[in-house]
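*Asks:* When you get a sec, could you give me coordinates for this:
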Amino acid sequence: MKTVLITGANKSIGFETARQLLQKGYYVYVGSRTLTNGLQAVEKLKADGLTNVAAIQLDVSDQASVEAARAEIGAKTNVLDVLINNAGISGGLPQTATTASIDTFKLVFETNLFGVVRVTQAFIDLLKNSTEPRIVNVSSSMASLTLNSDPTWPYYNHKGAVYLPSKTALNMYTLNLAYELRNTSFKVNAVDPGFIATDFNNHRGTGTVEEAGQRIVKYAVVGADGPTGRYFSEEYNPETGEIPW
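*Replies:* The predicted model follows:
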């Protein structure tokens with residue numbers, strides 16, 4: 001049975017992604033900043049008959065928490081097949097380039113970029129033990145420099161001076177990670193779940209968590225002939241999914 005760790009999986013998109021991977025026969029570690037919330041999520045999944053799941057206390061902004069999670073999972077298995085870096089924060093909107101505080105930048109980057117680096121580096125050894133390791137970094141089409149500079153793009157006027165750069169930086173980390181692992185069986189991609197109605201955007205999104213989960217799962221289970229080092233948003237490009245950096 002293949003194993004997957006999903007950060008921020010106790011609710012919304014992360015929770016739905018966990019559900020869909022459980023339905024595909026994966027064993028899922030539900031990473032949750034608060035263990036109580038993670039345990040409640042696990043009980044909901046088990047109530048639906050999805051039993052190959054465990055809650056892991058994991059605050060991606062806390063090095064000690066990440067190390068403890070690595071030790072806990074490492075005590076149960078020496079292989080991790082999939083890592084989905086889903087945990088993220090917006091930092092509160094609106095955010096302007098002339099007024100956003102340095103503290104807000106630090107807060108958002110701590111989770112959206114540094115958190116991904118922490119978790120990836122902590123679990124890379126277990127991933128290397130997999131025959132088909134996969135890493136999905138949950139990004140956003142809003143991180144695209146190309147799209148953000150195009151006045152004809154539908155979201156051109158929806159800026160965020162802190163959140164968007166944090167995801168753009170995540171994209172560059174994804175490219176570097178994929179490059180370093182290019183001669184291995186790893187597949188590393190950045191995936192935009194879409195504009196989804198969740199707590200993250202006060203449920204203003206137009207898509208469903210089910211759609212978001214499907215988009216993430218697609219690249220979590222991609223085959224040996226699948227892409228790596230790419231950036232996908234099926235909401236923006238339904239045909240091939242790929243979008244410009």
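*Asks:* three-state assignment of Leu5?
*Replies:* Here Leu5 is recorded as strand under DSSP: H, G, I helix; E, B strand; the rest coil.
*Asks:* same check, this time on Ile135
*Replies:* strand.
*Asks:* cool, and Pro154?
*Replies:* coil.
*Asks:* Can you get me the start-to-end distance on stretch 175-186?
*Replies:* 13 Å (C-alpha to C-alpha, to the nearest Å).
*Asks:* next one: it to chain centre, how far?
*Replies:* Relative to its chain's centre, stretch 175-186 lies at 17 Å (C-alpha atoms, centre = their mean, to the nearest Å).
*Asks:* Over to stretch 186-193?
*Replies:* Centroid separation for stretch 186-193 versus its chain: 8 Å, with C-alpha atoms, centre = their mean.
*Asks:* just stretch 142-151 next, same as before
*Replies:* With C-alpha atoms, centre = their mean, you get 20 Å for stretch 142-151.
*Asks:* Quick test: name the residue nearest the centre of the protein.
*Replies:* The centroid of the chain falls nearest to Asn86 when counting by C-alpha atoms, centre = their mean (2.4 Å).
*Asks:* Quick check: it vs Pro154, distance?
*Replies:* Distance, Asn86 to Pro154, using C-beta to C-beta, to the nearest Å: 25 Å. The C-beta positions use only the backbone N, C-alpha and C, and glycine is treated the same way.
*Asks:* Equivalent analysis for Gln57, please.
*Replies:* Distance, Gln57 to Pro154, using C-beta to C-beta: 39 Å.
*Asks:* Looking at those two, which is more packed in?
*Replies:* Neighbour totals were compared for Gln57 and Pro154, and Gln57 leads with 18 against 10 (other C-beta atoms under 10 Å).
*Asks:* so the more buried one sits right up against Thr36, yeah?
*Replies:* No: the criterion here is C-beta atoms under 8 Å, and Gln57 misses it with Thr36 at 9.2 Å.
*Asks:* In this protein, where is pLDDT below threshold?
*Replies:* In the predicted model, the chain carries pLDDT under 70 at residues 196-206.
*Asks:* Show me where it has its helices.
*Replies:* In the chain, the segments counted as helices under DSSP state H are 12-23, 35-47, 63-74, 102-112, 114-128, 145-148, 163-180, 209-220.
*Asks:* So for Gly194, which of the ones you listed sits nearest?
*Replies:* helix 209-220 (5.7 Å; C-beta to C-beta).
*Asks:* Check which helices and strands the closest one sits against.
*Replies:* Under the contact definition 3 or more C-beta pairs under 8 Å, 6 or more residues apart in numbering; DSSP states H and E, helix 209-220 sits against helix 12-23, strand 82-85, strand 134-138, strand 187-191.
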